[in-house]
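*Asks:* model this:
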Amino acid sequence: MKKNVRLLTLLCIFTGVFSPYQMSAAPVTIKTGVFVVSLNNFNYSGDSFNATFWIWGFLSSRKAEAIYQNGIEFISANEVQKDVEGSIPVPGGTLLQQKYKAEMQHSWNMKNYPFIKDNLFIYFETVSDVSRIMFIPDTEQSGFSNTYRNSEWNIDGFEISASDTVYNTNYGDRTARSMGSTYSRIQVRIPISKKSPWITFFKLTASVYLFFLLSLLPFCMNPDTDSRLSIPCATLFAVVSNQNIVDSMVPTSSTITLLDSIHSLTQITIICIIAILIATNNLQIQRSLASKQRSRDLDRRALLTVPILYAAVNIVLIRGCV
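*Replies:* You can find the predicted model right below:
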């Protein structure tokens, strides 16, 4: 009996020594990097963007290769296509390289258009949980291609990190010790910003500001001029038409955008100008000299007060977006 126990002990020792796999239950770690080649097809209405990128992982053992070959899962991806895959023997293991093209989900926020700063994300996780495999980000070699150019957006940086993601399910695994599960995740964050936002802004709002200035002309006219009301009425119609044109040119949004606010402010201000002109006209048609003088004074005050208030509100709106 003792002889059998000794043989069993020796067998276990030799198995642990010569086995290609670790006896420890510790998960394998894989140094993983991401290099983004290009970003394109920014679909604002479809809430997505396309990305082409390389992923590599340093596999230091056959156990790591076996687990990594189970694959990775891209989070929030509509479609993923693997273009290239290859492995290179390196000192201490194997370097596995893969090239992907993916359509990633992204909720575009156009509220501050054209003063937009956003972050694009690429996520992927291991198929096996953290008890078997964990990612370590290769921050030195990961990055963004310096040959990429986008006519509409600036690429403001690149950041790669690893984290553990906890799910409140074990996906039906009855052998699991808990009701949840944890997976290692690589996150790539790419900050972007709109190119030449001020030029775009003035192209879209120059007509609105011009119509507003035209609506102030009646305050400089003689109070008994017949066309005093027709000018702001015409500019009000022009601002409404300009808003429809701008809406057809910029990305759609379910929220009230900066451009919507500026158009609405201009329309409300012109309506107030029309109301002031009606009041001054009523004072002007009265026979008393005091009423006529009050009409002129009200025009002068409105000519000074209205544009100051309008400019102040515009500054507040724009500063809240820049």
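*Asks:* what ranges does the protein have for its strands?
*Replies:* According to DSSP state E, the chain carries its strands in the segments 28-43, 48-59, 72-75, 77-90, 93-105, 117-126, 133-137, 143-144, 153-155, 159-167, 181-194.
*Asks:* those into JSON lines, with extra columns for mean neighbour count and distance to residue 236?
*Replies:* Quick note: C-beta positions are derived from backbone N, CA and C, even for glycine. Shown next, in JSON lines, are those (neighbours: other Cβ atoms under 10 Å; distance: least, Cβ to Cβ, whole Å):
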{"stretch": "strand 28-43", "mean neighbour count": "18", "distance to residue 236": "35"}
{"stretch": "strand 48-59", "mean neighbour count": "21", "distance to residue 236": "39"}
{"stretch": "strand 72-75", "mean neighbour count": "18", "distance to residue 236": "49"}
{"stretch": "strand 77-90", "mean neighbour count": "11", "distance to residue 236": "44"}
{"stretch": "strand 93-105", "mean neighbour count": "17", "distance to residue 236": "41"}
{"stretch": "strand 117-126", "mean neighbour count": "19", "distance to residue 236": "34"}
{"stretch": "strand 133-137", "mean neighbour count": "20", "distance to residue 236": "57"}
{"stretch": "strand 143-144", "mean neighbour count": "16", "distance to residue 236": "47"}
{"stretch": "strand 153-155", "mean neighbour count": "16", "distance to residue 236": "35"}
{"stretch": "strand 159-167", "mean neighbour count": "14", "distance to residue 236": "48"}
{"stretch": "strand 181-194", "mean neighbour count": "19", "distance to residue 236": "30"}
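*Asks:* and of the ones you listed, who's closest to residue 218?
*Replies:* strand 181-194 (37.5 Å; Cβ to Cβ).
*Asks:* partner strands of the closest one, with direction?
*Replies:* strand 117-126 (antiparallel), strand 153-155 (antiparallel), strand 159-167 (antiparallel) (DSSP bridges).
*Asks:* contacts for the longest one next, please.
*Replies:* When contacts are defined by Cβ atoms under 8 Å, 6 or more residues apart in numbering, strand 117-126 is touched by residues 34, 36, 39, 49, 51, 53, 55, 67-68, 70, 72-76, 102, 104, 106, 108-109, 132-135, 156, 165, 183-194.
*Asks:* as a markdown table, the strands paired with strand 181-194 with distance to residue 87 would be great.
*Replies:* Listed next are these as a markdown table, based on distance: least, Cβ to Cβ, whole Å:
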| stretch | distance to residue 87 |
| --- | --- |
| strand 117-126 | 18 |
| strand 153-155 | 30 |
| strand 159-167 | 22 |
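*Asks:* can you add mean pLDDT and give those strands back as TSV?
*Replies:* TSV is the format used below for the strands paired with strand 181-194 (pLDDT from 0 to 100):
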stretch	mean pLDDT
strand 117-126	93
strand 153-155	93
strand 159-167	90
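*Asks:* list the contacts for the closest residue to residue 110 other than its chain neighbours?
*Replies:* Excluding the flanking residues, the one nearest residue 110 by Cβ to Cβ, 6 or more residues apart in numbering is residue 253, at 4.0 Å. By Cβ under 8 Å, 6+ apart, the residues touching residue 253 are 109, 110, 111, 113.
*Asks:* lovely, talk soon.
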